[in-house]
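Asker: predicted model follows, preceded by the sequence.
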Protein chains: 2
Amino acid sequence: MASGAPLTHYPAATLRAFAAAVFERVGLPPADAALVATRMIEADLSGQDGHGIFRLPQYVRRIRGGAVNVRPSVRVTRTGPGTALVDGDNGMGQLVMTRAAEVAIELARESGVSWVGVRRSNHAGTGALYATMPLAHDMIGLYTAVANANHMAPWGAQELLLGTNPLAIAVPAGEEPPIVLDMATTVVSYGTIKKHAQRGEPLPPGWVVDARGEPITDPARAHEGFLLPIGGYKGSGLALLLGLLAGVLNGAAFGRDVVDFNADDHTPTNTGHVLIAVEIARFLPPAAFKREVDRHVRELRAARRLPGVEAIYLPGERRHARIQERTAHGIPLPAPLVAELDRLAASVGLPLLSAATPA
Amino acid sequence: MASGAPLTHYPAATLRAFAAAVFERVGLPPADAALVATRMIEADLSGQDGHGIFRLPQYVRRIRGGAVNVRPSVRVTRTGPGTALVDGDNGMGQLVMTRAAEVAIELARESGVSWVGVRRSNHAGTGALYATMPLAHDMIGLYTAVANANHMAPWGAQELLLGTNPLAIAVPAGEEPPIVLDMATTVVSYGTIKKHAQRGEPLPPGWVVDARGEPITDPARAHEGFLLPIGGYKGSGLALLLGLLAGVLNGAAFGRDVVDFNADDHTPTNTGHVLIAVEIARFLPPAAFKREVDRHVRELRAARRLPGVEAIYLPGERRHARIQERTAHGIPLPAPLVAELDRLAASVGLPLLSAATPA
């Protein structure tokens, strides 16, 4: 996350094995440890550094603090031909959401569409990880969740009662990369604010405001304010509605009940998510659909550009390029993060990450 | 729409009967004419004036121009336990979407969730009309569509290849009004631009830009530019993804294939929509869910306000108040619109609207 710091590139397999080993040391069964590590390193590969191995120290802190159940019995209750409710038993979010996505795919294959709600889960990383899982089955995926901290106020208010509740939608293409939207409902994510703070760069007005509604431009003061939603009242409304779908409908936390998982290492978050999968063949033959997506992608990409714009990138295009680049050349980690991961390794009696062979 | 012009309030029933009579004169069967008029006046009642009787002259122009089929055979193909594809046979959008919503409710009752895609439809008015239909059945509704004109460019481009593709999500509450989000993916709708033009008010920067990406603030020049998406690349990406779901997946128009229904009175639009319904009881007992929604609504509304903010309104709250107010006191129409509707009535040999008794 820090820029300016020297970067070392590590092979994905190295980081995956490292994270899995750490999780085993803090009590996860080997298969679960491997699966959580796989999802986290997928986030790193796709360029979502804020949801990858960067989170490992925090996850371990919360496991040690008793906030997360390392040996959950995830319970899937099928409640209709197209619906299921997954109780995560307070397990790691990546584990719970992977199971939920599998169920969503299974149900959509039978019913054409599925809506799988999740309660008692935890932070699961970036939504694209799960929204893209149906693609290999010629399905479209939609994901939303209640964020694990409230960084936003309802429109007109100054109290932190809403999260940056994300929305991810993934659609397969033919020869083109899949179209993957993965957005927070705020103008920027809290991770972007942290990056600016690390670099000491001022925040543009329109990102963060204080309790009087005035812009905060000093990144060191960002924590005194709150993030602004996209499109003003629209983004605030969207965060609210997504929160009702992912939180309230599943009996999961929302609003005043949200636990700030950055500040609290002891309390279960009761995180809620939703995954919707829809089978393309119920509407068009998948090959025909993908050809049409390819055509539209190419027409949009070839649109006349604004002056100074070098290229038009569609949602998911940079993600796709990043996955290829990092799979080939490794995942870059800044020195302070490597040092932090080394301390973590030492604390559980594992070899240091810095002793591993770089990519 | 025009402000400053004198307003006359008409009872909803008067406008409904007027619109239905006009539709019958241009060839719609009586039952269809009544249904389309009902949906349009519902939009007026809810304060969505740009989707109500204001559209009648344009609809009639397109019917007369042969762009719309006044006697369609709407065909519903059930493609799975939870999915259906509706072919609107180029009928009025309100007719086609009402049928689609009925199907979505039916399928969700059986399968817990439904995803109903629509092709070969037309402009159907505001999304809230359809997203709210499942609420009476203790369901949640989600609606999206491909807009009937491209007022947006893909992010980085200057070519009009994307619409303001709307997203509507409606969730029932208990004692509180339902939560209804109904938003375009642009910062403002084209209707808002038109209102500013009528009033001669300058446009704030951030609404419309020209082909160099520079703000257009003169409302008379708005047509030279394009609308900006909410959250920059995020809103552009959201419009694209919603367009793939509502358009491409249904074999309906998207991107370069979109027909501008403001400029063209002869070409079918092949409008695509999607309605998703999910039954609350598959996740929580509806009464418990609604109690929780009420609690959160009250907590959000009672949040500490920013200075100068009189009250916090949640999505759908003003809509609800407007419906009650206009049901009781009538729908205000500006004099120029009444004059236009009078000319329309005369052209089909009907009594003038201005001869009707105001509310």
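Answerer: Structure received.

Asker: how many neighbours does residue A:14 have?
Answerer: 18 (other CB atoms under 10 Å in any protein chain shown). C-betas here are computed from N, CA, C, even on glycine.

Asker: can you tell me the SS state at it?
Answerer: helix (DSSP: H, G, I helix; E, B strand; the rest coil).

Asker: touching, it and residue A:356? I think so.
Answerer: Yes. Counting by CB atoms under 8 Å, residue A:356 is a contact partner of residue A:14 at 5.0 Å.

Asker: now the closest residue to residue A:117 other than its chain neighbours: how far from residue B:17?
Answerer: Of all residues not flanking residue A:117 in the chain, residue A:250 sits nearest, at 4.1 Å (CB to CB, 6 or more residues apart in numbering or on different chains). According to CB to CB, to the nearest Å, residue A:250 and residue B:17 sit 45 Å apart.

Asker: who has more neighbours, the two?
Answerer: Neighbour count, other CB under 10 Å: between residue A:250 and residue B:17, residue A:250 has more, with 28 against 15.

Asker: for that one, give me its contacts.
Answerer: A:85, A:117, A:118, A:119, A:272, A:273, A:274, B:283, B:284 (CB atoms under 8 Å, 6 or more residues apart in numbering or on different chains).

Asker: kindly export the strand or helix carrying residue A:20 (C-alpha atoms) in CSV.
Answerer: If you go by DSSP states H and E, residue A:20 is part of helix A:12-25. Output of helix A:12-25 as CSV, limited to C-alpha atoms (Å, rounded to 0.1, in the frame of the first residue of the first chain):
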residue,chain,number,x,y,z
ALA,A,12,1.7,-15.9,-5.8
ALA,A,13,2.3,-19.5,-4.7
THR,A,14,4.8,-18.2,-2.1
LEU,A,15,2.4,-15.8,-0.6
ARG,A,16,-0.4,-18.3,-0.7
ALA,A,17,1.7,-20.9,1.2
PHE,A,18,2.8,-18.2,3.7
ALA,A,19,-0.7,-17.0,4.5
ALA,A,20,-2.0,-20.6,4.7
ALA,A,21,0.7,-21.6,7.1
VAL,A,22,0.0,-18.6,9.3
PHE,A,23,-3.7,-19.4,9.4
GLU,A,24,-2.9,-23.0,10.3
ARG,A,25,-0.8,-21.8,13.2
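
Asker: so what does the helix or strand following that helix touch, helix or strand wise?
Answerer: For helix A:12-25, the succeeding helix or strand toward the C-terminus, using DSSP H and E, is helix A:30-45. Helix A:30-45 sits against helix A:12-25, helix A:93-111, helix A:128-131, helix A:317-329, strand A:331-334, with contacts defined as 3 or more CB pairs under 8 Å, 6 or more residues apart in numbering or on different chains; DSSP states H and E.

Asker: and the ones you listed as TSV, adding distance to chain B?
Answerer: Output for the helices and strands packed on helix A:30-45, formatted as TSV (distance: least, CB to the nearest CB, whole Å):
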stretch	distance to chain B
helix A:12-25	26
helix A:93-111	4
helix A:128-131	10
helix A:317-329	11
strand A:331-334	23
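
Asker: just put these in TSV and tack on mean pLDDT.
Answerer: Below are the helices and strands packed on helix A:30-45 laid out as TSV (pLDDT from 0 to 100):
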stretch	mean pLDDT
helix A:12-25	98
helix A:93-111	98
helix A:128-131	98
helix A:317-329	98
strand A:331-334	96
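
Asker: return the most buried member of these.
Answerer: helix A:128-131 (a mean of 28; mean count of other CB atoms under 10 Å in any protein chain shown).

Asker: which outside residues touch that helix?
Answerer: For helix A:128-131, contacts defined as CB under 8 Å, 6+ apart pick out A:39, A:42-43, A:46, A:48, A:51, A:94, A:97-98, A:100-101, A:124, A:141-143, A:168-170, A:180, A:182, A:273, A:275, A:316, A:319.

Asker: and the pLDDT at residue A:351?
Answerer: Per-residue pLDDT puts residue A:351 at 98.

Asker: pretty sure it contacts residue A:341?
Answerer: No. At 11.3 Å, residue A:351 and residue A:341 do not qualify as touching, with contact defined as CB under 8 Å.

Asker: higher neighbour count, the two?
Answerer: Each of residue A:351 and residue A:341 has its neighbours counted (other CB under 10 Å); residue A:341 has more, 24 against 12.

Asker: for that one, pull up the helix or strand it's in.
Answerer: For residue A:341, the host element (DSSP H and E) is helix A:335-347.

Asker: put the alpha carbons of that helix into CSV.
Answerer: What follows is helix A:335-347, C-alpha atoms only, in CSV (Å, rounded to 0.1, in the frame of the first residue of the first chain):
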residue,chain,number,x,y,z
ALA,A,335,9.1,-3.2,2.5
PRO,A,336,7.0,-2.1,5.5
LEU,A,337,4.4,-4.8,4.8
VAL,A,338,7.1,-7.4,4.4
ALA,A,339,8.6,-6.4,7.7
GLU,A,340,5.1,-6.6,9.3
LEU,A,341,4.5,-10.1,7.8
ASP,A,342,8.0,-11.1,9.1
ARG,A,343,7.0,-10.1,12.6
LEU,A,344,3.8,-12.0,12.2
ALA,A,345,5.7,-15.1,11.0
ALA,A,346,8.1,-14.9,13.9
SER,A,347,5.2,-14.6,16.4
